[in-house]
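A.B. asks: Need coordinates for the following:
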Amino acid sequence: MKNVSINLLTNVLLLLVGVILIIFHAVPDLLVWAVRLMGTMFMVLAVVYMVMVAVRHAGARTSSDYMGVMPAVGGLCFGLVLMLKAPLFDAILQQLMGMLLVVLGGFHIVYLWMSRDKLKIGGWYYVLPVIVVLCGILSMVLPALRDHAESVVLITGICLLLFNFTSLQEYLAERRVRRALGHPANLPTDIEDDSIIEQEESTEEITV
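C.D. replies: Sure thing, here's the model as predicted:
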């Protein structure tokens with residue numbers, strides 16, 4: 001439940017950031033505000049994780065909870081720097097956006113590759129994550145994009161929407177697998193045969 005909540009919160013925040021970037025991509029000083037939005041995202045995720053670890057009963061905490069506190073503290077500090085020193089990151093914001101897209105797209109590619117047998121997914125599932133990665137790389141290395149911040153912001157917003165759509169595809173695939181595993185029709189045939197034999201034996205005993 002904890003992982004589901006964090007993943008849902010992450011997707012909702014990225015969706016909101018993507019929509020905002022698309023709507024306001026031509027606003028002056030948008031890069032400064034985008035830095036602050038990214039800082040807010042890091043801070044919210046870090047605070048939520050630390051609060052969830054704090055409210056858990058001491059006996060229910062695991063080693064992964066404590067191991068995740070340090071990255072959460074780092075994310076909180078990084079978010080504060082982005083919030084308080086946003087103008088200083090204006091020059092490198094496009095690089096950060098490109099890196100963010102590469103990381104997000106790469107995460108989905110790795111996850112889909114590792115889960116390909118369990119989820120039974122097709123090759124078209126990789127299309128959107130690959131597009132996100134390519135957009136991130138182009139925004140970092142292509143001069144035509146680096147010289148037009150509005151285009152980079154617009155592309156980043158669109159890619160964040162694609163990221164959420166990819167997450168939705170993964171969720172539907174996982175849900176389909178869970179339903180298939182929980183369906184009575186998927187019970188092993190030997191178990192079904194044994195239950196039928198037991199029912200027939202009990203019927204014969206009652207008849208006698």
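A.B. asks: From the rest of the structure, what touches whichever strand or helix holds residue 130?
C.D. replies: For residue 130, the host element (DSSP states H and E) is helix 127-141. With contacts defined as Cβ atoms under 8 Å, 6 or more residues apart in numbering, helix 127-141 is touched by 94-95, 97-106, 108-109, 112, 145-146, 152, 155-156, 158-159, 162-163, 165-166, 169. C-beta here means a position set from N, CA and C on the backbone, and glycine is covered the same way.
A.B. asks: 6 Å - rerun?
C.D. replies: 95, 98, 101-102, 105-106, 108-109, 145, 152, 155, 159, 162, 166 (Cβ atoms under 6 Å, 6 or more residues apart in numbering).
A.B. asks: how distant is that helix from the center of its chain?
C.D. replies: From the chain centre to the centre of helix 127-141 is a distance of 16 Å (Cα atoms, centre = their mean, to the nearest Å).
A.B. asks: do stretch 152-162 as well
C.D. replies: Mean-position distance between stretch 152-162 and its chain equals 15 Å (Cα atoms, centre = their mean).
A.B. asks: now do stretch 23-42
C.D. replies: Here stretch 23-42 shows a centroid-to-chain-centroid distance of 21 Å under the convention Cα atoms, centre = their mean.
A.B. asks: What mean pLDDT does that stretch get?
C.D. replies: Model confidence over stretch 23-42 averages 81 on the pLDDT scale.
A.B. asks: Much appreciated, bye for now.
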